[in-house]
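In: need a structure here:
(2 chains)
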Amino acid sequence: MAYSAEISRNNPSCFLFVIDQSGSMSDNYVSVGKPKSEALADVINRMLQQLVIKCAKSEGVRDYYYVGVIGYGANGVGPAFGGSLSGKNLVPISEIANNPARIEERTKRVSDGAGGLVDTSVKFPIWFDPTANGGTPMTEAFRKANTIIADWLSSNPNCFPPVVIHITDGESTDGDPTEEMNKLTSQASNDGNVILFNLHTNARSVNPISFPGPEVQLPDQYSEKLFNGASLLPSFMRNVAAQEFGLNLSDGAKAFVLNGDIDLIITAIEIGTRPSLQLR
Amino acid sequence: MILKCSYNYISIPKVGNSVNENEDNVLVPSISQLESEPIIKFAISDGATESSFSKEWSDLLVSCYKDKPFDLANLPSTINAISEAWQSITSVIELPWYAQQKLENGAFATFLGITLNLEEKTFEAVSIGDCTLFQVRDNELIYSFPITSFEDFGNTPSLFATNPKFQTNFEKSVKYLNGQVESGDLLILASDALAMWIFKRLNQGESPWLSLLTLLNYEDYQTDFSNWTSNKITENEMKNDDISVVLINID
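Out: Predicted structure coming up:
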């Protein structure tokens, strides 16, 4: 049965984020008044933090996952971690835990236990900084993702299949990425095919479409390419969507979002990064 | 006439983990307690893998079952006191940022305790989650508690939490059972992976306790039991998890 492999230190899985860093990512999200690049960097950093905490045990962090963040924009395509992890493609989660580029103090509003709210200072580790410049070399980005995932699968043939989460706000400027996307989703471990999320984001949440089936009407050929390239959501992810987010998705639902605001992008990342089984 | 009892038990880590990573803990009486006291307590607790310091939490839960009340009226103050003991252990350890943040969520564990009254030939059991008690008489299962079939197991059992913010309502999640024992009865306390296997074999019309009784009577039972569970896991007969079992023979 696919997507049932144990995730353990002996049989880790991997997450790869592919992030559009083109010039248009500097536009502000209307809902949060922050550039898309900055809001997404916060989301990725928070997600890395949650993953580290999930894998933390009393003796340290267990390497259940290897994680990579690839950016594409003015500087071409490449690994996007900062600090001592810069230049690295996939990094074990313990190395991520111990090597944030820096740790910021941020203010968080929490309950005061008497019905009110108080501001408190929390540590917010940063691995990934926002960038927004230049074109959208999406095809090259998927080519890079294919190389990274092929290397990973050759060393981890029995792993719980890798999940690739691609976030973009635009159209490819280096040709049609369809072939590279298809190549990526046809890669597989013995436990199933790679799962590709194509998450299209928009500063204004105008006509958003989330996790549609084949009957969906899409506005243009670019969104059709992203829709066609995305994986079908496996049943365990549809279960997460139902249990955690109250989304009842059909069998044909795809790992695809169009015109999503930041909240919809966060929901999609949450659905994509919860394993079907308990960690071992 | 007062009944007597004897027991065997074992607790091993999931395959691939070291012995000190086993987050199950077991309470069994000492030999002198067995010989001199009519009221005997056993307990088993399975610490949740995704929380940290859950091994310490399950250890405190079974240890405190010895002398703290677990009835519904006293349970909130009992769990609160055990939680304070857990916090006093964890608060003195210097931790990196991620371990500190994880600690704020606290630790979680399932629990099953049984108090045998050998004079009155009765027992009281308390449970949260999916550790299971089986009562066997004349080679037949006469009762299982709180899980009654293979289908009852899920991925999100109820748990005792160190952090009251994450504690499920005791009235809904904690189960109690009063029962009677007879000479010749076998009581089995099993953590979830082994309990699931027992139900699977029962569904095939087998008497799975016979294998367990045989295995735990071997001289080198630690090695034999580990090898046996390893094989079951490889054959997909059992899930890879920490495994604990206590077999109590009533004489």
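
In: quick one: contacts for B:Ala81?
Out: Applying CB atoms under 8 Å, 6 or more residues apart in numbering or on different chains, we find B:Ala81 in contact with B:64, B:68. For glycine as for every other residue, the C-beta is placed from the backbone atoms N, C-alpha and C.

In: can you point me to the longest helix in chain B?
Out: In chain B, taking DSSP state H as the definition, the longest helix is helix B:75-90.

In: from the chain's centroid, how far away is that one?
Out: 19 Å (CA atoms, centre = their mean, to the nearest Å).

In: hey, C-alpha coordinates of the following helix or strand past that helix in PDB?
Out: For helix B:75-90, the following helix or strand on the C-terminal side (DSSP states H and E) is helix B:97-105. Output of helix B:97-105 as PDB, limited to C-alpha atoms (Å, rounded to 0.1, in the frame of the first residue of the first chain):
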ATOM      1  CA  TRP B  97      15.600  26.700  22.000                       C
ATOM      2  CA  TYR B  98      13.700  23.900  20.300                       C
ATOM      3  CA  ALA B  99      13.700  21.600  23.300                       C
ATOM      4  CA  GLN B 100      12.400  24.500  25.500                       C
ATOM      5  CA  GLN B 101       9.600  25.200  23.100                       C
ATOM      6  CA  LYS B 102       8.800  21.500  22.800                       C
ATOM      7  CA  LEU B 103       8.700  21.300  26.600                       C
ATOM      8  CA  GLU B 104       6.000  24.000  26.700                       C
ATOM      9  CA  ASN B 105       3.600  21.400  25.100                       C
END
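
In: same for helix B:97-105, what does it pack against?
Out: Judged by 3 or more CB pairs under 8 Å, 6 or more residues apart in numbering or on different chains; DSSP states H and E, helix B:97-105 is in contact with helix A:36-55, strand A:56-57, strand A:117-126.

In: can you give me the angle the next helix-or-strand element following that helix makes with helix B:75-90?
Out: The C-terminal neighbour of helix B:97-105 among helices and strands, as given by DSSP H and E, is strand B:108-117. Strand B:108-117 and helix B:75-90 meet at an angle of 120 degrees, taking axes from the mean of the first three to the mean of the last three CA atoms, to 10 degrees as the criterion.

In: the helix or strand that strand B:108-117 is followed by - contacts with which helices or strands?
Out: Next helix or strand after strand B:108-117 toward the C-terminus (DSSP H and E): strand B:122-128. Helices and strands touching strand B:122-128, by 3+ CB pairs under 8 Å, 6+ apart, are strand B:108-117, strand B:174-180.

In: wait, which of the ones you listed is closest to A:Ala242?
Out: strand B:108-117 (23.3 Å; CB to CB).

In: hey, where'd the strands end up in the stretch 1-150 of chain A?
Out: With DSSP state E, counting those that start in this stretch as the criterion, the stretch 1-150 of chain A has strands at A:13-21, A:28-29, A:34-35, A:56-57, A:60-61, A:65-73, A:76-79, A:91-92, A:102-111, A:117-126.

In: point out where chain A drops to low pLDDT.
Out: A:113, A:275-280 (pLDDT under 70).

In: make it 80
Out: Scanning chain A for pLDDT under 80 picks out the ranges A:1, A:109-115, A:205, A:275-280.

In: grab the most central residue of the chain for me.
Out: Answering for chain A, as no chain was given. A:Ile165 (3.7 Å; CA atoms, centre = their mean).

In: that's the wrong chain, I wanted chain B
Out: Central residue of chain B (CA atoms, centre = their mean): B:Ile44, 2.3 Å from the mean position.

In: noted, bye for now.
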